[in-house]
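A.B. asks: Kindly return the folded structure for what I paste below:
(one chain, ligands or ions: 1)
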Amino acid sequence: MRKEVKLQSGGYPMPVLIVAAYDENKKVELMNAAWGMACGSDKIALFISSGHKTTQTILKSKAFSVSIASEETMVPADFVGIATGNTMADKFARSGLTAVPGGKNGAPVIEEFPVCYECELLEEANTENIHCIVGKILGVTADEKVLGDDGQVDPDKVHPLIFDQFKLDYYKLGGKAGTAWNAGKALME
Ligand SMILES: Cc1cc2nc3c(=O)[nH]c(=O)nc-3n(C[C@H](O)[C@H](O)[C@H](O)COP(=O)(O)O)c2cc1C
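C.D. replies: Numbers count the residues shown, from 1 in each chain. Next comes the predicted model:
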């Protein structure tokens, strides 16, 4: 038997992405964004409101980064989703995070987050139903602590935070369940 539950748009897993850009004075503006996802193999789409200080900063600088928040960085990750640079001038300083300009287009790479996508702004879509920015990924860097023996990012080491829209909680990744493009092969025969 199925029951109707609270209307929500997101499925599982929703990520906890930290979007950041430098303003004209090299101050970092950043925010938490769970409504974001891969868009093709080398682009990211972020559904972020136009009024956010971070959004306004990205639209001016055209260079931004998207980081994956981890269990270990949950407190500052949530803080940057509560506080706004529109009214808190020292938001980044208060977060306790540190940033360096990335090697691709100088977007801020926040050192505490395990994986970072350095992006250039490709497009802003602003229609009746969406406000979205699309970034081209110029490069991806990861803390070497989260790399496996094969040199690739290991999700068991990243400890990514998962956002749950039903309860508005953060969850942990539960581990590998199977191999993609493979788990269903038996039904092909
Ligand atoms: C878990 C979480 C997820 C969020 N996801 C989004 C999102 O996808 N899009 C958005 O516009 N705002 C999102 N927000 C809200 C912004 O992060 C928040 O309004 C923030 O204060 C904006 O900061 P800024 O004005 O300094 O840029 C989220 C907040 C939290 C806590």
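A.B. asks: can we go C-alpha only for contacts and neighbour counts from here?
C.D. replies: Noted.
A.B. asks: quick one: Ser49 from Gly106, how far?
C.D. replies: Distance, Ser49 to Gly106, using Cα to Cα, to the nearest Å: 23 Å.
A.B. asks: err, Gly135, not the other one
C.D. replies: 14 Å.
A.B. asks: Just want to know which of those two has more residues nearby.
C.D. replies: Gly135 (26 against 17; other Cα atoms under 10 Å).
A.B. asks: Can you name the residues bridging to that one?
C.D. replies: Gly135 has these beta-bridge partners by DSSP bridges: Ile44, Leu121.
A.B. asks: That one against Ser41, yeah?
C.D. replies: No: using Cα atoms under 8 Å, Gly135 is not in contact with Ser41, being 11.5 Å away.
A.B. asks: For this protein, which segments count as helices?
C.D. replies: 53-61, 74-82, 91-95, 155-158 (DSSP state H).
A.B. asks: what does this structure put close to the ligand?
C.D. replies: 30-36, 47-49, 52-54, 78, 80-86 (Cα under 6 Å from any ligand atom).
A.B. asks: ok, now with 8 Å
C.D. replies: Counting by Cα under 8 Å from any ligand atom, the residues of the chain lying close to the ligand are 16-17, 29-36, 46-56, 77-86, 88, 91, 163, 168-170.
A.B. asks: can you list contacts of stretch 121-132?
C.D. replies: Here stretch 121-132 makes contact (Cα atoms under 8 Å, 6 or more residues apart in numbering) with 45-50, 58-59, 62-64, 133-136.
A.B. asks: which of these lies closest to Gly151?
C.D. replies: Closest approach between the contacts of stretch 121-132 and Gly151, by Cα to Cα: Lys136, at 23.1 Å.
A.B. asks: Which residue, other than its chain neighbours, is closest to that closest one?
C.D. replies: In this structure, Lys136 finds its nearest non-sequential neighbour in Lys43, 4.5 Å apart by Cα to Cα, 6 or more residues apart in numbering.
A.B. asks: That neighbour - how many residues pack around it?
C.D. replies: Counted with other Cα under 10 Å, the neighbours of Lys43 add up to 19.
A.B. asks: correct me, but it touches Ile133?
C.D. replies: No: using Cα under 8 Å, Lys43 is not in contact with Ile133, being 10.3 Å away.
A.B. asks: where along the protein do the strands fall?
C.D. replies: With DSSP state E as the criterion, the chain has strands at 14-15, 17-22, 28-33, 36-38, 43-46, 63-68, 99-101, 108-110, 115-126, 131-142, 161-164, 169-172.
A.B. asks: With respect to Glu4, which of those lies nearest?
C.D. replies: Among the strands of the chain, strand 161-164 sits nearest to Glu4 (Cα to Cα), with 17.3 Å.
A.B. asks: can you dump the C-alpha coordinates of that closest one into CSV?
C.D. replies: Output of strand 161-164 as CSV, limited to C-alpha atoms (Å, rounded to 0.1, in the frame of the first residue of the first chain):
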residue,chain,number,x,y,z
LEU,A,161,27.1,14.9,3.0
ILE,A,162,23.7,14.1,1.6
PHE,A,163,20.8,16.5,2.0
ASP,A,164,17.3,15.1,2.6
